[in-house]
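Novice: model this:
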Amino acid sequence: MADQPAKTPLQILRDARELLSDEKRWTQGALGRDENGVLLCADQLDRAQCYCAFGGLLAAGDDATTGDFRALPLLIDAIDLQPDAGIGDWNDAPDRTHADVLTAFDRAIALAETGDYHSEQRGRSS
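Specialist: Have a look, this model is predicted:
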């Protein structure tokens with residue numbers, strides 16, 4: 001069987017947003033959690049029932065193993081992270097809401113559709 005072509009950043013963002021669209025599918029403090037609430041690592045996300053913003057990107061196609069973050073830079077641009085901040089810190093902020101996360105994905109998707117984003121790899125996950 002032939003390998004599937006790599007997803008575009010836009011496809012990854014749309015797929016991740018779909019994964020996170022239901023508030024029950026979003027979490028804080030972990031990349032993902034299983035049906036019992038157990039924290040999951042990147043290589044266990046196939047068992048996840050919910051994801052943080054970065055976990056959603058990984059489950060949708062960004063690759064932490066290889067560092068191939070095609071969609072993460074767009075999400076970072078969409079939320080305008082400070083240089084010393086990471087997407088995990090942003091997602092896990094005590095005042096962060098599910099609506100904030102979906103809005104960030106919507107902005108990142110708009111950036112991907114227009115091509116109006118920074119192209120450098122700014123991927124920060126922590």
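Novice: so where do the helices sit in this protein?
Specialist: 9-20, 53-60, 72-79, 87-92, 98-114 (DSSP state H).
Novice: which one of those helices has the most crowded surroundings?
Specialist: Most buried of the helices of the chain by mean neighbour count (mean count of other C-beta atoms under 10 Å) is helix 53-60; its value is a mean of 27. Where C-beta positions appear, they are placed from N, C-alpha and C, glycine not excepted.
Novice: Surely residue 69 touches residue 61?
Specialist: No. Residue 69 sits out of contact with residue 61 when judged by C-beta atoms under 8 Å, with a separation of 10.0 Å.
Novice: quick one, which of those two is more surrounded?
Specialist: residue 69 (24 against 18; other C-beta atoms under 10 Å).
Novice: State the distance from the more buried one to residue 35.
Specialist: According to C-beta to C-beta, to the nearest Å, residue 69 and residue 35 sit 28 Å apart.
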